[in-house]
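1. Below: sequence and its predicted model.
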Amino acid sequence: MSRFIQLHLLTSYPPANLNRDDLGRPKTAKMGGVDRLRVSSQSLKRAWRTSDLFGKTVKNGLGTRTKEMGRKVYERLVEKGIGHKDALSWAGAIAGVFGKLKKLTDKEKTALKKLATEERREKELVEVEIEQLAFFDLEEEQAVLDLTNSIAERKEGPQPEELNLLRQKMTSVDIALFGRMLASSPAFNVEAACQVAHAISVHPIVIEDDYFTAVDDLNDGSEDAGAAHIGETGFAAGLFYSYICINRDLLAENLGGDEDLAQRAIAALTEAAVKVPPNGKQNSFASRAYASYVLAEKGEQQPRSLSVAFLKPIDNRTLYRDDQDFGTAAVEALEAHRQNMNKVYGDCADELYAINALKGDGAMAELLDFVTC
Amino acid sequence: MKHLVFRLYGPLAAWGEIAVGESRHSAVYPSKSALLGLLAAALGIRRDEEEQQAALAAGYLFAVKVLRTGSLLRDYHTTQVPDSAGKVVYRTRREELIRGKARLGTILSSREYRCDSMALVAVRANANAPFTLETIREKLLKPAFLLYLGRKSCPLAAPLDPVVSDWDSFGQALDEAELKALMVEPDDEQRWIPVEYQTRYYWEGEDSSLKAQQVLTRHDQPFSRRRWQFSQRAENLCIGKGEG
């Protein structure tokens, strides 16, 4: 199996402000001495790892979305002869691992005291419900069930370590890929198995300013005809080159040798990188985009990004001359550079697979198959 | 004398200086600790393998020729983290952000990068070197761990193209090693990432072809990797090979 999986992505965003600096303006960098738009590595990683898509793919997409896991645990405990109070508190502890629990207000609790026992108990169960839908995969459901049985048998609430174990898998994927550094206790540090470069536009940019006003709808203009609010925001559109490299060996090692989980982690990261945009100012710009082109490579050779393809920026002059669009020109530049690099240095990877949404070539499912086997 | 020469290039690089707190400065060329880290990663020596790290640190001398210092980029970096009050355990990043929403605070830092910087590195093995230069070359071609230019978000954008050969001095090795082109048209390279008019040489110890114009004190000789301690060392500098 090849050690390194490299992903090269070209993603085009319409006018947007995806990743801002301390002045609220889009981040930039110089490449080839020319200003480029930039989305930082950490901004990309945050968007991916906190996305629903990432969580679901890691969990294989099979499972249950529910708020009522706590209720299920409660019912089982009562069935097995645990008293109402203990069952309620234990079920709450277990469900609480998967999300924040609903809470009754003091007023509601006082009101409950007037009810008959049966009805009161039913209403109290609200407190073991999770506020938002939580996703449980098959193994997690089984782990919850096992823990429920075991605490019912020993008639003693769950221990903190047992609760931690319930979500260990999800934790481990997140940290195995992106690492963890705790200066206070280096023993818990994990070396990230994945490297994500800052995404940089393949062309020069000028950041534009949007001066905007907001009108007060109820102001009829009889006394003051001015705007209720004025503001300014920087924005730019860009076709970004992004690069990711995964060390598959280290990933599997970080996951305790669980190859199957490592495959799912790679698939989750790949799919998120293709489909999940950074969150910045999405409400103002709705600049969500999927990658137009993805090239995946596998091999043992020293990994390298292909950013040199865009040192010479793709600009309007070349495009007019060759009657081309940015996307096609960028794909061609990337491919030409990859081939030239192989010619000069010898093959930089053993196998590759590409999808190209500009032409309709390749398929996402095949890309995921390629990176996971 | 045998030397190993390789090239470092990437659109962004970060060669950390002494940093405490929110300012994370970058030097214009790699520190000795950064180069040792790069070799260790290639060889598969982990950060906590104290003995191997120490042997590596004691085993080699380095020289750097800075072809381009590149331009400075200061990155405004924010990290959202919930405080650790109470007994709440956050198991994933997503959980920190959703469940810890009410407790989220922001840690600010200012991180420096160099854009489009490029350097050549020459390595010489001491008598006590744990690996031969040939072994290191092999490992640089097929590394055990990911390599990067100071920060993990700064991947290499070109093969290191490592060469082992006989040269009299660091100066000769750095000037005569023939590295393959990055861009196909040689003119392109000169246009988009031009080599600076006055290249700088930094090296340790005596060298027969380089004359020191200045001796610098750097705190980048790893002392204990585990405790993150570095000791001082002297480094020579000349600009434009001391020709004035």
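-> Arrived safely, thanks for sending. Numbering: from 1, shown residues only, chains lettered A, B, ... in the order given.

2. CA atoms for contacts and neighbours, from now on please.
-> OK.

3. quick one: stretch B:56-68 near chain A?
-> No. On the criterion CA under 8 Å from any CA of the partner chain, stretch B:56-68 is out of touch with chain A, staying 11.6 Å away.

4. Start and end of stretch B:5-24, how far apart?
-> Start-to-end span of stretch B:5-24 (CA to CA, to the nearest Å) is 29 Å.

5. need the contact list for the closest residue to residue A:298 other than its chain neighbours.
-> Of all residues not flanking residue A:298 in the chain, residue A:5 sits nearest, at 4.7 Å (CA to CA, 6 or more residues apart in numbering or on different chains). Residues in contact with residue A:5 (CA atoms under 8 Å, 6 or more residues apart in numbering or on different chains) are A:245-248, A:296-299, A:371.

6. mind checking the SS state of residue A:12?
-> What DSSP: H, G, I helix; E, B strand; the rest coil gives for residue A:12 is strand.

7. mind listing what the residue of the stretch 151-300 of chain A found nearest chain B touches?
-> Residue of the stretch 151-300 of chain A nearest chain B, by CA to the nearest CA: residue A:197 (4.6 Å). Listed by CA under 8 Å, 6+ apart, the contact partners of residue A:197 are A:40-41, A:242-244, B:152-155.

8. what would those residues look like in TSV with secondary structure?
-> Output for those, formatted as TSV (three-state DSSP):
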residue	secondary structure
A:40	coil
A:41	helix
A:242	strand
A:243	strand
A:244	strand
B:152	coil
B:153	coil
B:154	coil
B:155	coil
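
9. circling back to that earlier point, so the residue of the stretch 151-300 of chain A closest to chain B versus residue B:8, what's the distance?
-> Distance from residue A:197 to residue B:8, by CA to CA: 16 Å.

10. Repeat that for residue B:143.
-> Counting by CA to CA, the gap from residue B:143 to residue B:8 is 15 Å.

11. same question, residue B:33
-> Here residue B:33 is placed at a distance of 15 Å from residue B:8 (CA to CA).

12. mind listing what residue B:61 touches?
-> Contacts of residue B:61 (CA under 8 Å, 6+ apart): B:123-126, B:204-205.

13. quick revisit: the residue of the stretch 151-300 of chain A closest to chain B - nearest residue in space that isn't next to it in sequence?
-> Distances taken as CA to CA, 6+ apart put residue B:153 closest to residue A:197, at 4.6 Å, once the chain neighbours are dropped.

14. What is the burial count for that neighbour?
-> Residue B:153 has 22 neighbours, counted by other CA atoms under 10 Å in any protein chain shown.

15. do the same with residue B:147
-> Neighbourhood size, residue B:147 [other CA under 10 Å]: 23.

16. Now, the contacts of residue B:61 that are in strands?
-> Counting by DSSP state E, the part of the contacts of residue B:61 found in strands is B:123-125.

17. Columns pLDDT and distance to chain A on top of these, output as JSON lines?
-> JSON lines is the format used below for the ones in strands among the contacts of residue B:61 (pLDDT from 0 to 100; distance: CA to the nearest CA, whole Å):
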{"residue": "B:123", "pLDDT": "98", "distance to chain A": "19"}
{"residue": "B:124", "pLDDT": "96", "distance to chain A": "22"}
{"residue": "B:125", "pLDDT": "97", "distance to chain A": "22"}
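
18. what about burial for those residues, which qualify?
-> B:123-125 (16 or more other CA atoms under 10 Å in any protein chain shown).

19. Going by distance to residue B:60, which of those wins?
-> Within these, the smallest distance to residue B:60 is 4.6 Å, found for residue B:125 (CA to CA).

20. is the closest one in a bridge, and if so with what?
-> Taking DSSP bridges as the rule, residue B:125 bridges to residue B:60.

21. related to what we said a few turns ago, report the contact partners of the residue nearest to residue A:197.
-> A:41, A:195-198.

22. Listing partners with orientation, what would you give for the helix or strand that residue A:136 is a member of?
-> Assessed by DSSP states H and E, residue A:136 sits inside strand A:134-137. Strand A:134-137 has these partner strands in its sheet, going by DSSP bridges: strand A:63-66 (antiparallel).

23. So for whatever helix or strand residue B:164 lives in, what gets flagged as buried?
-> Assessed by DSSP H and E, residue B:164 sits inside strand B:163-166. Residues of strand B:163-166 classed as buried by neighbour count (16+ other CA under 10 Å): B:163-164.

24. what's the answer for stretch A:256-267, then?
-> Buried residues in stretch A:256-267, counted by 16+ other CA under 10 Å: A:259, A:261-267.

25. Mind checking which of the residues you listed are in helices?
-> Under the assignment DSSP state H, these contribute A:259, A:261-267 to helices.

26. Flag whichever of the residues you listed scores worst on pLDDT.
-> Taking those together, the minimum pLDDT is found at residue A:261 (88).

27. Who are the contact partners of that one?
-> Residue A:261 is in contact with A:58, A:173, A:252, A:255, counting by CA under 8 Å, 6+ apart.

28. Compile the residues you listed into CSV and extend it with columns for pLDDT and secondary structure.
-> Converted to CSV, the contacts of residue A:261 look like this (pLDDT from 0 to 100; DSSP: H, G, I helix; E, B strand; the rest coil):
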residue, pLDDT, secondary structure
A:58, 80, helix
A:173, 85, helix
A:252, 94, helix
A:255, 88, coil
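
29. and these, which two are the farthest apart?
-> The span of these, defined through CA to CA, is set by A:58 and A:252 at 13.9 Å.

30. ok, back up a step: taking the buried residues of stretch A:256-267 as a set, which two sit the farthest apart in space?
-> Spatial extent of the buried residues of stretch A:256-267 (CA to CA) is set by the pair A:259 and A:267 at 12.4 Å.

31. is chain A contacted by whichever helix or strand residue B:187 is part of?
-> Assigned by DSSP H and E, residue B:187 belongs to helix B:186-192. Yes. Counting by CA under 8 Å from any CA, chain A has neighbours in helix B:186-192: B:188, B:192.

32. Need the mean per-residue confidence for that helix.
-> pLDDT averaged over helix B:186-192 gives 88.

33. If we go by neighbour counts, what in it is buried?
-> The neighbour-count check on helix B:186-192 (16+ other CA under 10 Å) flags B:189, B:192 as buried.

34. nearest residue to the most centrally placed residue in chain A other than its sequence neighbours?
-> For chain A, the residue nearest the mean C-alpha position is residue A:48 (1.9 Å; CA atoms, centre = their mean). Closest residue to residue A:48 apart from its sequence neighbours, by CA to CA, 6+ apart: residue A:272 at 5.4 Å.

35. Residue A:54 is in contact with that neighbour, correct?
-> Yes. Under the criterion of CA atoms under 8 Å, residue A:272 makes contact with residue A:54 at 5.9 Å.

36. tell me, what's touching the two both at once?
-> Shared contacts of residue A:272 and residue A:54, defined by CA under 8 Å, 6+ apart, comprise residue A:48.

37. Show me where chain B has its helices.
-> For chain B, applying DSSP H gives helices covering B:32-43, B:50-59, B:93-99, B:133-141, B:170-176, B:186-192.

38. One more: the stretch 101-250 of chain A?
-> Using DSSP state H, counting those that start in this stretch, the helices assigned to the stretch 101-250 of chain A run over residues A:106-113, A:117-124, A:138-154, A:160-166, A:168-178, A:248-254.

39. Contacts for the second one, please.
-> Just to be clear, that refers to helix A:117-124. Residues from elsewhere that reach helix A:117-124 (CA under 8 Å, 6+ apart): A:84, A:104, A:112-113.
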